[in-house]
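Peer 1: Provided below are the primary sequence and the corresponding predicted coordinates.
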Amino acid sequence: MSLQRREARLKTEFASLYVGVPAGVWAPVTQMLDGVTASRLLAGRHSGELLRGRRLDDRHFEFRGGAAQVGRHTRTSDV
């Protein structure tokens with residue numbers, strides 16, 4: 001059984017919120033996270049704000065691939 005990498009795609013209607021993040025293009029989640037972080041820093045957000053909540057908002061991004069997270073904990077869900 002091979003595991004697919006987790007990918008995300010920014011919905012085009014939210015592109016203006018993420019300057020420099022390509023909309024409508026599937027990319028590895030890690031790449032999207034880097035782009036969103038850079039976008040927020042360029043917008044003048046403080047580094048502490050970057051750590052709050054989900055950085056890839058389910059309303060703004062679509063996801064595919066990767067293993068199911070059932071029964072697994074992530075750093076944000078353990079807090």
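Peer 2: Cool, got the structure.

Peer 1: Dump the longest helix seen in the chain to PDB, restricted to CA.
Peer 2: Determined from DSSP state H, the single longest helix within the chain is helix 29-42. Output of helix 29-42 as PDB, limited to C-alpha atoms (Å, rounded to 0.1, in the frame of the first residue of the first chain):
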ATOM      1  CA  VAL A  29       0.600  20.900   1.900                       C
ATOM      2  CA  THR A  30       4.100  21.800   3.200                       C
ATOM      3  CA  GLN A  31       4.600  24.100   0.200                       C
ATOM      4  CA  MET A  32       1.200  25.700   0.700                       C
ATOM      5  CA  LEU A  33       2.100  26.200   4.400                       C
ATOM      6  CA  ASP A  34       5.300  28.000   3.500                       C
ATOM      7  CA  GLY A  35       3.400  30.200   1.000                       C
ATOM      8  CA  VAL A  36       0.700  31.100   3.500                       C
ATOM      9  CA  THR A  37       3.300  31.900   6.200                       C
ATOM     10  CA  ALA A  38       5.200  34.200   3.800                       C
ATOM     11  CA  SER A  39       2.000  35.900   2.700                       C
ATOM     12  CA  ARG A  40       1.000  36.600   6.300                       C
ATOM     13  CA  LEU A  41       4.500  37.900   7.100                       C
ATOM     14  CA  LEU A  42       4.500  40.200   4.100                       C
END
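
Peer 1: what's it in contact with?
Peer 2: 5-8, 10, 18-22, 27, 47, 49-50, 55-56, 61, 63, 66 (CB atoms under 8 Å, 6 or more residues apart in numbering). Any C-beta I mention is one placed from the backbone N, CA and C, and that applies to glycine too.

Peer 1: run the last query once more with 7 Å
Peer 2: By CB atoms under 7 Å, 6 or more residues apart in numbering, the residues outside helix 29-42 that reach it are 6, 7, 8, 18, 19, 20, 21, 50, 55, 56.

Peer 1: which ones are touching the fourth one?
Peer 2: The reference is to residue 18. Residue 18 touches 10, 35, 36, 39, counting by CB under 7 Å, 6+ apart.
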